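Trainee: Coordinates for the following, if possible.
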Amino acid sequence: MGFPGTWMTESESMVYRVVPKCACSTIGQIMYRSDHGRFFDGDIHDAQDGLHKWGLEHSRGPIEANVTAHRSLVFTCVRNPYGRILSSFFDKICGIQRNGRRYRGNLVPMLIQKYGVEVGDPETGFEFDQIRSFRRFLLFVRDTIRFGKPMDPDIHWSAMSGHVSTLIKGGGRYDMILHVEDFDAGMAQVLERAPLRHPVDLAAMPRFNESEGHGPKRAHPIEAYFDDLSLHLVREVYGRDFELFGYDIDDPSRRAPLREIDLDAVHAKLGA
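Mentor: Modelled structure (predicted):
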């Protein structure tokens, strides 16, 4: 299996397991700056050097050697599943991607045809019934995760616990798991514990949200998107995420976690 989705600074000061839709662009840029004293010019996901990534052939040996020996601080970042799935919908389904096209080619037309999802049009200001469309998208998400139909689940809406588990099953261990909702405090602890080549000023740096401005704005509070059926579907596919990462499964309006993450419990349950 190896360590898919794992990034490491070239200096090996820190190792990060990417969880999509959980501040991964910002974290990648922080890692890059801590080594090189500047941010990467562009989307950090496109960087082919300056940062070790499991997807790059030359990076696999160094990452595997480091993680299996636990030579560096290892961390990841998670997010309230209610906010994460909404973000995936507005970014990946409704938004225009940075290449100027819809995400994954025929995915959106298929959703329109088979699930009745609407996504709006940038020419008309993305006017559509967001709540109705999102709830139909959620049915599709459940079908992909539970049944692998009409396609395998996409990384942007597959469960966070699945992403987090790969590093553990490969023989690695996390030192920290951050909550997006308290990002600055959590990331400050990472930077304090890692031997940095260059300091990073979290308060002064920009946020690297690559999807910002390319799709519709969320028009309603989070809880408005989830009726009884939607709550049931979320429990069905993300129940483990709520349990392991300390979020409130009963109240979509409660963004912040209820408790700290029990690292030992995460390793025990995801390493089995």
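
Trainee: so G50 makes contact with D35?
Mentor: Yes - taking contacts as Cβ atoms under 8 Å, G50 lies within contact range of D35: 7.1 Å. The C-beta positions use only the backbone N, C-alpha and C, and glycine is treated the same way.

Trainee: Determine the residues that are contacts of both of these two.
Mentor: E10 (Cβ atoms under 8 Å, 6 or more residues apart in numbering).

Trainee: So for these two, which sits in the more crowded spot?
Mentor: Higher neighbour count among G50 and D35: D35, with 18 against 14, using other Cβ atoms under 10 Å.

Trainee: Next secondary structure after the one helix or strand the more buried one maps to?
Mentor: Using DSSP states H and E, D35 falls within helix 24-36. Remark: after helix 24-36, the chain's next helix or strand is strand 51-53, criterion DSSP H and E.

Trainee: Contact partners for the residue nearest to I30 when sequence neighbours are not counted?
Mentor: The shortest distance from I30 to any non-neighbouring residue, by Cβ to Cβ, 6 or more residues apart in numbering, is to V200 (5.5 Å). Applying Cβ under 8 Å, 6+ apart to V200 gives the contacts 30, 33-34, 191.

Trainee: Select from the residues you listed the one having the most neighbours.
Mentor: Neighbour-wise, those (other Cβ under 10 Å) top out at I30, 23 neighbours.

Trainee: List the residues that contact it.
Mentor: I30 is in contact with 187, 191, 200, 202, 205, counting by Cβ under 8 Å, 6+ apart.

Trainee: Please apply the same query to V266.
Mentor: 164, 168, 174, 177, 244.

Trainee: redo that, cut-off 10 Å
Mentor: Counting by Cβ atoms under 10 Å, 6 or more residues apart in numbering, V266 touches 76, 78, 161, 164-165, 168, 173-174, 177, 244-245.

Trainee: re earlier: so what's the gap between the helix holding D35 and the chain middle?
Mentor: Helix 24-36 has its C-alpha centroid displaced from the chain centroid by 15 Å (Cα atoms, centre = their mean, to the nearest Å).

Trainee: State the mean pLDDT of it.
Mentor: Averaging pLDDT along helix 24-36 yields 96.

Trainee: what's the distance between the most far-flung residue of the chain relative to its centre and E118?
Mentor: Distance to the chain centre peaks in the chain at T124, reaching 29.3 Å (criterion: Cα atoms, centre = their mean). Going from T124 to E118 by Cβ to Cβ, to the nearest Å gives 12 Å.

Trainee: which residues of the stretch 51-200 of the chain fall in helices?
Mentor: 57-69, 81-88, 107-115, 130-147, 160-169, 183-193 (DSSP state H, counting those that start in this stretch).

Trainee: Using JSON lines, lay out those together with mean pLDDT and distance to H220.
Mentor: Putting these into JSON lines (pLDDT from 0 to 100; distance: least, Cβ to Cβ, whole Å) gives the following:
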{"stretch": "helix 57-69", "mean pLDDT": "97", "distance to H220": "41"}
{"stretch": "helix 81-88", "mean pLDDT": "96", "distance to H220": "10"}
{"stretch": "helix 107-115", "mean pLDDT": "94", "distance to H220": "20"}
{"stretch": "helix 130-147", "mean pLDDT": "96", "distance to H220": "6"}
{"stretch": "helix 160-169", "mean pLDDT": "98", "distance to H220": "24"}
{"stretch": "helix 183-193", "mean pLDDT": "96", "distance to H220": "24"}
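
Trainee: Sweet, I'm off.
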